[in-house]
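J.: Can you look at this prediction? I've put the sequence above it.
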Amino acid sequence: MSDLDCSRRVRSAGSTRRSDETSKEINELISASLMDVENGLILGDRTGAASTDIITKITETDGLVHEVSAS
């Protein structure tokens, strides 16, 4: 094998290793992003439920205020 062939193989191996590392890093970033999205969905659901509870309590309070003012 010539020096040129050896150099090409070394560069190719290094490039492949960097590509593998980059691919792994990208997969980790995607996984982290998916977890963030899932957490965001959970928080959105909780916020929706809390908002519904707040509206229910406001409606109940409004009814009580009307009863008190009518008496």
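T.: Arrived safely.

J.: Report the distance from whichever strand or helix holds Ile58 to the chain centre.
T.: If you go by DSSP states H and E, Ile58 is part of helix 3-70. Relative to the chain's own centre, helix 3-70 is displaced by 1 Å; criterion: C-alpha atoms, centre = their mean, to the nearest Å.

J.: heads up, I number from 353, so please use that
T.: Yes, from this point I'll number from 353; that puts the last item at helix 355-422.

J.: What is that helix packed up against?
T.: For helix 355-422, there is no helix or strand it packs on, judged by 3 or more C-beta pairs under 8 Å, 6 or more residues apart in numbering; DSSP states H and E. Using the backbone N, CA and C atoms, a C-beta is placed for each residue, glycine as well.

J.: averaged over its residues, what pLDDT does it have?
T.: Mean pLDDT, helix 355-422: 89.

J.: quick one: Asn391 from Ser403, how far?
T.: Computed with C-beta to C-beta, to the nearest Å, the distance linking Asn391 and Ser403 is 19 Å.

J.: repeat for Ser421
T.: Distance, Ser421 to Ser403, using C-beta to C-beta: 27 Å.

J.: neighbour count winner among these two?
T.: Ser403 (10 against 7; other C-beta atoms under 10 Å).

J.: List the contacts of that one.
T.: Ser403 sits next to no residue when contact means C-beta atoms under 8 Å, 6 or more residues apart in numbering.

J.: how far away is it from Leu393?
T.: 16 Å.

J.: Ala384 too?
T.: 15 Å.

J.: again, but for Asp372
T.: Relative to Leu393, Asp372 is positioned 32 Å away (C-beta to C-beta).

J.: do Lys376 as well
T.: In terms of C-beta to C-beta, Lys376 sits 26 Å off from Leu393.

J.: ok, now Ser421?
T.: Distance from Ser421 to Leu393, by C-beta to C-beta: 42 Å.

J.: what's the burial count for Asp372?
T.: Asp372 - counted by other C-beta under 10 Å - has 10 other residues nearby.
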